[in-house]
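Visitor: Generate a structure from the sequence data that follows.
(one chain, ligands or ions: 1)
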Amino acid sequence: MSPTTQELPQETQRCSSALAKPSRSLSWRVASNLFVSFRYAWTGLSYAFQTQRNFRIHLFVGTIAIGLSVFLNLSRVEVAIIGLTIGAVLTMELLNTAIESVVDLTVRQTYHELAKIAKDCAAGAVLISAFASVIVACFLLIPPLIERVQTSWF
Ligand SMILES: Nc1ncnc2c1ncn2[C@@H]1O[C@H](COP(=O)(O)OP(=O)(O)OP(=O)(O)O)[C@@H](O)[C@H]1O
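Guide: Prediction:
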């Protein structure tokens, strides 16, 4: 049987009532306007760039892929598809970093099976998106690249 409202611990009641409000009163700070929101988002991107080696690798490879697609005169749709896949990989990497931080905040340096599942699944999501982007790049970049090499060499 579920406990009545009076039986719930005070902290749980406080959290429940805070969650019911749209003001997000549980948050330590809420962005006051759109500009401030963008500044926080930039801080997150900058944190990921400085601390996550994989994020830097994906950004580097993505920049090469976009440069190559422009150099090879790919159609606008093809460049857009490549851009979307790069965006997906970087987004997954950021979400992976966010999940890692929340897990570390929750369990600190103790081993927990659920912490392992959360981190492994987040890492798996990055892997899937990276794998998909490699397939897309193979289909869209390799054939015109081979063609370009053949016409310039032979
Ligand atoms: N608190 C924990 N409890 C159980 N397993 C953990 C815990 N912390 C980390 N692990 C295991 O160690 C692995 C590596 O942890 P880490 O925090 O470096 O994540 P990661 O996804 O490999 O990091 P990155 O994306 O930066 O390479 C996790 O995938 C998970 O299997």
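
Visitor: pLDDT weak spots in the chain?
Guide: Low-confidence segments of the chain, defined by pLDDT under 70, span residues 1-9, 11-23.

Visitor: Could you list every helix and strand in contact with the longest helix along the chain?
Guide: Secondary structure of the chain per DSSP state H: the longest helix is helix 113-153. Packing partners of helix 113-153 (3 or more CB pairs under 8 Å, 6 or more residues apart in numbering; DSSP states H and E): helix 53-71, helix 76-107. For every residue, glycine as well, the C-beta is placed using N, CA and C.

Visitor: Of all these, which one comes closest to the ligand?
Guide: Closest approach to the ligand among the helices and strands packed on helix 113-153 (CB to the nearest ligand atom): helix 76-107, 4.6 Å.

Visitor: Next, the angle helix 113-153 makes with the closest one.
Guide: 160 degrees (axes from the mean of the first three to the mean of the last three CA atoms, to 10 degrees).

Visitor: mind checking how far helix 76-107 is from the chain centre?
Guide: Centroid displacement of helix 76-107 relative to its chain, using CA atoms, centre = their mean, to the nearest Å, is 2 Å.

Visitor: List the buried residues in stretch 92-105.
Guide: M92, E93, L94, N96, T97, I99, E100, V103 (16 or more other CB atoms under 10 Å).

Visitor: ok, the fifth one touching H58?
Guide: The reference is to T97. No: the criterion here is CB atoms under 8 Å, and T97 misses it with H58 at 11.8 Å.

Visitor: Could you give the number of residues near the closest residue to P144 other than its chain neighbours?
Guide: Once flanking residues are discounted, P144 sits nearest to L72: 4.5 Å by CB to CB, 6 or more residues apart in numbering. When neighbours are defined as other CB atoms under 10 Å, L72 has 16 of them.

Visitor: now do G83
Guide: Counted with other CB under 10 Å, G83 comes out at 14.

Visitor: quick revisit: for the residue nearest to P144, which residues are in contact?
Guide: Contact analysis of L72 by CB atoms under 8 Å, 6 or more residues apart in numbering lists L141, P144, L145, R148.

Visitor: how far away is it from the ligand?
Guide: Distance, L72 to the ligand, by CB to the nearest ligand atom, to the nearest Å: 31 Å.

Visitor: next one: phi and psi at that residue?
Guide: With angles defined as degrees, to the nearest 10, L72 sits at phi -90, psi 10.

Visitor: before we move on, could you check phi and psi at N73?
Guide: According to degrees, to the nearest 10, N73 has phi 60, psi 40.
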